[in-house]
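Chemist: No sequence on hand, only this structure:
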Ligand SMILES: N[C@@H](CCC[C@H](N)C(=O)O)C(=O)O
């Protein structure tokens, strides 16, 4: 594929939006600066991140997963940085594959930097991703905004999250910049920070500041981290009770349903939408 004719699509999952770049043979070079330009909402196409769609066999980071997952989600944040996982991204990625006729309704596996993820494409359009187990590294972290501070639960869903329970989501402030946390050494690679309020039994609301993207209207891995942290807070750890626990997680862009099973496996269910498709103008690409 010539770099002067790059096809793209635009899609979102609960309004966490992505530029999708199909590149089955991994022929494109996508340096961080170009990704950031593509994700720019004024000078580019605009998105919280970019999904580079590559055959696993064609990508050095995914070749070892090619036997079980034909397709690799090479995910990038809006600033061009690389992240291990993107939960909403996997749903949009799988939806794109189905729409393009590359996979069928039912089950498939998508390779990610966080390992292979099982995905179920349901008839009604819902997409469920088996996100794997949450890790809960024991570290006491404090997150602060505008003079208020909260203890945060450290949850790793392949990527790092700090989950803080607050009285009011407004207390998270404008989230234009990353909320400071201490001690900084806990997250040497940065962190996604979630602010959570209770909305009812097994029902929470959240806002998130994503590493590399700023405040987004949804974060799939963040919703999973929030559900796991809330289950621990509520004394509903499935490994202890022997029962799965399901949380409805409301985000500014929609609702995700998260279930944690007694073996620790976390499932996330939500929608995915393709909004548009087109070709990047070669003249724009020259300047980008
Ligand atoms: N929006 C994503 C998470 C994307 C990666 C994150 N910004 C990071 O750097 O870890 C999701 O839906 O999970």
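Modeler: Yep, it's here. Because the structure is predicted, anything quoted here is derived from the model rather than measured. Numbers count the residues shown, from 1 in each chain.
Chemist: use CA for all of it now, contacts and neighbours both
Modeler: Fine.
Chemist: Could you tell me how many residues sit around the residue found closest to residue 22 once you drop the neighbours it is linked to in the chain?
Modeler: Residue nearest to residue 22 in three dimensions, not counting chain neighbours: residue 53, with 4.6 Å by C-alpha to C-alpha, 6 or more residues apart in numbering. Applying other C-alpha atoms under 10 Å, we find 22 residues neighbouring residue 53.
Chemist: Can you tell me what sits against the helix or strand where residue 53 lies?
Modeler: Using DSSP states H and E, residue 53 sits within strand 49-55. With C-alpha atoms under 8 Å, 6 or more residues apart in numbering as the contact definition, strand 49-55 has outside contacts at 17-26, 35, 39, 66, 70-80, 89, 93, 213.
Chemist: average model confidence for it?
Modeler: In this model, strand 49-55 has a mean pLDDT of 98.
Chemist: Then stretch 82-91?
Modeler: In this model, stretch 82-91 has an average pLDDT of 98.
Chemist: Can you give me the end-to-end span of it?
Modeler: Taking C-alpha to C-alpha, to the nearest Å, stretch 82-91 runs 18 Å from one end to the other.
Chemist: Any residue of that stretch touching the ligand?
Modeler: Yes - if you take C-alpha under 6 Å from any ligand atom as the test, stretch 82-91 does meet the ligand, through 83, 85-89.
Chemist: Likewise for stretch 271-286?
Modeler: No - contact of stretch 271-286 with the ligand (C-alpha under 6 Å from any ligand atom) is absent, the minimum separation being 11.4 Å.
Chemist: So is the helix or strand harbouring residue 117 next to the ligand?
Modeler: Assessed by DSSP H and E, residue 117 sits inside strand 115-121. No - residues of strand 115-121 are not located near the ligand by C-alpha under 6 Å from any ligand atom, the shortest gap being 12.8 Å.
Chemist: Which elements pack onto the very next helix or strand once past the strand holding residue 53?
Modeler: Counting by DSSP H and E, the next helix or strand C-terminal to strand 49-55 is strand 71-77. For strand 71-77, the elements it packs on are strand 49-55, helix 87-99, strand 106-112, judged by 3 or more C-alpha pairs under 8 Å, 6 or more residues apart in numbering; DSSP states H and E.
Chemist: Can you check which of the ones you listed gets nearest to residue 197?
Modeler: The closest of these to residue 197 is helix 87-99. By C-alpha to C-alpha, the value is 21.0 Å.
Chemist: And that closest one, what's buried?
Modeler: Neighbour-count burial for helix 87-99 flags 87-97 (criterion: 16 or more other C-alpha atoms under 10 Å).
Chemist: any idea which of those residues is the one closest to residue 157?
Modeler: Distances from residue 157 to the buried residues of helix 87-99, taken by C-alpha to C-alpha, are shortest for residue 87, at 9.3 Å.
Chemist: Roughly how far does residue 272 sit from the ligand?
Modeler: Relative to the ligand, residue 272 is positioned 11 Å away (C-alpha to the nearest ligand atom, to the nearest Å).
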